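Engineer: Here is a sequence together with a model predicted from it:
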Amino acid sequence: MKKKLKAAGENERACWPWSVLYVINCNILFYLSGFSLALCHFGWASELVCYFTNWSQYRPDVGKYMPENVDPHLCTHLIYAFSIINSTNELITSESNDETLYKSFNGLKEKYELLEAYEAENAATGRPRLMLTALVAAQKGTIDAGYEIAEIAKYLDFINVMTYDFHGSWENVTGHNSPLYLGSGYTGENIYNTDFAMKYWRDEGAPVEKLRMGFATYGRTFRLSSLSGPSGAGASANGSGSAGKYTREAGFWSYYEVCTFLQGTSVKWIEDQKFPYATKGYEWVGFDNKESFETKVNYLKEEKFGGAFVWALDLDDFTGQFCDQGKYPLIGHLSTLLNRGTSHILIKGIIVTEGEKNHALVNQNYDMNRL
């Protein structure tokens with residue numbers, strides 16, 4: 001699949017968010033504009049955006065995740081990650097079977113009975129109303145170097161702040177992937193936590209109703225340096241924990257792999273940062289569970305942020321085989337906590353540039369709330 005894009009500067013007003021973000025980051029930005037499901041929910045208080053990853057199809061056995069595994073009733077929007085914008089501004093696939101997956105993903109709208117509504121809007125307007133959204137950094141240094149927040153916020157329908165990966169096995173002490181607050185024992189700057197990141201985006205000019213807070217359905221692991229010292233956040237560590245059986249990445253476990261690890265050990269709680277962790281031998285994992293999600297949703301509502309997003313669908317216990325909590329225990333609980341009702345679906349696509357996928361990602365989504 002290949003489609004030519006306008007170069008930056010052509011139709012400047014329509015392309016402004018892309019061209020300005022590209023200039024201020026100087027090198028490459030990573031854009032999403034595409035296969036996204038906008039889900040129309042009736043009676044919901046906050047939006048819940050969920051990401052589908054096209055590389056999760058390669059996981060072995062029950063870890064394999066495909067479009068047919070998606071339960072779109074959990075979320076108000078679904079986003080397919082990733083396709084690519086190449087160096088000549090053409091849209092190309094990132095996986096050899098993306099076109100097949102796109103069709104399956106797109107087929108969800110028929111399965112969940114919004115095809116007639118979609119066709120009616122399309123006939124009336126000539127084309128669907130597109131939403132422009134962004135998946136953006138939560139680290140202050142990247143934010144300061146990469147975004148004119150007040151300006152881009154004018155053009156974006158909502159902004160997904162990646163409030164995770166604050167800590168990981170690249171550090172020499174343990175730390176939670178997505179802490180809500182700064183820990184009392186942490187001696188660094190108060191910038192590597194969800195509370196700081198969300199308020200920084202707000203205070204720099206992003207309207208609170210446009211901000212979506214990130215919720216991670218995975219944990220980051222470490223290998224403790226010693227069994228005799230402290231084992232909480234800030235404990236001495238020497239690299240990553242072992243790779244998960246299904247995700248197969250050192251230092252990273254899906255929630256369902258965390259559940260397997262928890263058999264034979266106990267969950268501990270860091271009160272000032274509001275997160276759980278567990279240890280077994282030299283292995284240490286910080287993760288989120290229903291309790292930490294509830295604390296974060298209470299915070300989100302108190303601060304009046306516009307909603308949440310989840311990275312990612314395939315990392316929750318989507319089969320219900322591992323955690324003894326039913327299918328999608330974390331995302332399902334999050335959906336309930338956000339006080340949302342039933343959903344219907346419409347679909348559009350997704351794209352990113354070649355290279356890394358860890359900076360700003362810009363999305364175009366159909367807005368089903370305009371039907």
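Structural biologist: Nice, I can see it. Numbers count the residues shown, from 1 in each chain.
Engineer: first vs last residue of stretch 245-255, how far apart are they?
Structural biologist: Terminal residues of stretch 245-255 are spaced 12 Å apart (C-alpha to C-alpha, to the nearest Å).
Engineer: ok, residues contacting it?
Structural biologist: 59-63, 168-169, 217-222, 239-244, 256-257, 260-261, 285, 287-288, 314-317, 323, 329-330 (C-beta atoms under 8 Å, 6 or more residues apart in numbering). Every C-beta, even on glycine, is put in place using the N, C-alpha and C of the backbone.
Engineer: Of the residues you listed, grab the buried ones for PyMOL.
Structural biologist: Of the contacts of stretch 245-255, the buried ones go into a single PyMOL selection, burial set by 16 or more other C-beta atoms under 10 Å:
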select buried, resi 59+63+168+169+217+218+219+220+221+222+240+241+244+256+257+260+261+285+287+288+314+315+316+317+323+329+330
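Engineer: and residue 293, what element?
Structural biologist: helix 290-302 (DSSP states H and E).
Engineer: Just after that helix, pick out the following helix or strand.
Structural biologist: That would be, after helix 290-302 and using DSSP H and E, strand 307-311.
Engineer: Report the residue spans of the stretch 51-200 of the chain with pLDDT below the cut-off.
Structural biologist: 109-130, 185 (pLDDT under 70).
Engineer: Show me where it has its strands.
Structural biologist: 77-81, 84-85, 90-92, 130-136, 158-161 (DSSP state E, counting those that start in this stretch).
Engineer: Go through those strands and pick out the most buried.
Structural biologist: Mean neighbours per residue, mean count of other C-beta atoms under 10 Å, is largest over those for strand 77-81, with a mean of 28.
Engineer: Now do that strand: distance to the chain's middle.
Structural biologist: Relative to its parent chain, strand 77-81 has a centroid offset of 9 Å by C-alpha atoms, centre = their mean, to the nearest Å.
Engineer: Parallel or antiparallel, list what pairs with that strand.
Structural biologist: strand 35-41 (antiparallel), strand 47-53 (parallel) (DSSP bridges).
Engineer: rank those strands by pLDDT, which is bottom?
Structural biologist: Lowest mean pLDDT of the strands paired with strand 77-81: strand 35-41, a mean of 48.
Engineer: For residue 97, grab the count of nearby residues.
Structural biologist: 11 (other C-beta atoms under 10 Å).
Engineer: Who are the contact partners of the closest residue to residue 62 other than its chain neighbours?
Structural biologist: Excluding the flanking residues, the one nearest residue 62 by C-beta to C-beta, 6 or more residues apart in numbering is residue 319, at 5.5 Å. Contact partners of residue 319, counting by C-beta under 8 Å, 6+ apart, are 62, 256, 327.
Engineer: Give me the subset of these that lies in helices.
Structural biologist: Secondary structure from DSSP state H places residue 256 of the contacts of residue 319 in helices.
Engineer: what's the burial count for residue 83?
Structural biologist: 26.
Engineer: follow-up on the earlier one: could you redo the contacts of residue 319 as TSV and give each row distance to residue 49?
Structural biologist: Shown next, in TSV, are those (distance: C-beta to C-beta, whole Å):
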residue	distance to residue 49
62	25
256	21
327	19
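Engineer: List just the nearest of the contacts of residue 319 to residue 144.
Structural biologist: Taking C-beta to C-beta as the measure, residue 144 lies nearest residue 256 of the contacts of residue 319, at 36.4 Å.
Engineer: That closest one against residue 320, yeah?
Structural biologist: No - if you go by C-beta atoms under 8 Å, residue 256 and residue 320 don't touch, sitting 9.1 Å apart.
Engineer: so residue 196 touches residue 186, yeah?
Structural biologist: No - judged on C-beta under 8 Å, residue 196 makes no contact with residue 186 at a distance of 11.8 Å.
Engineer: got the buried residues for stretch 198-218?
Structural biologist: So, applying 16+ other C-beta under 10 Å, buried residues of stretch 198-218: 198, 200-202, 206-207, 210-218.
Engineer: show me what contacts residue 149?
Structural biologist: Per C-beta under 8 Å, 6+ apart, neighbours of residue 149: 143, 201, 204, 205, 206.
Engineer: which pair in the residues you listed spans the largest distance?
Structural biologist: 143 and 205 (11.6 Å).
Engineer: what helix or strand does the residue of the chain most remote from its centre sit in?
Structural biologist: Computed with C-alpha atoms, centre = their mean, the maximum C-alpha offset from the centroid of the chain is found at residue 228, amounting to 36.1 Å. Here residue 228, judged by DSSP H and E, is contained in no helix and no strand.
Engineer: Let's see the pLDDT reported for it.
Structural biologist: 92.
Engineer: now the strands for the stretch 251-371 of the chain?
Structural biologist: Going by DSSP E, counting those that start in this stretch, the stretch 251-371 of the chain shows strands at 252-254, 268-270, 275-280, 283-286, 307-311, 343-349, 352-353, 361-366.
Engineer: Touching the fifth one from outside, list them.
Structural biologist: By C-beta under 8 Å, 6+ apart, the residues outside strand 307-311 that reach it are 46-51, 75-76, 135, 158, 160, 162, 164, 212-218, 297, 300, 316, 330-331, 334, 338.
Engineer: swap in the fourth one?
Structural biologist: Counting by C-beta under 8 Å, 6+ apart, strand 283-286 makes contact with 167, 174-177, 219-224, 231, 233, 235, 237, 241-242, 253, 258, 261, 275-279, all of which sit outside it.
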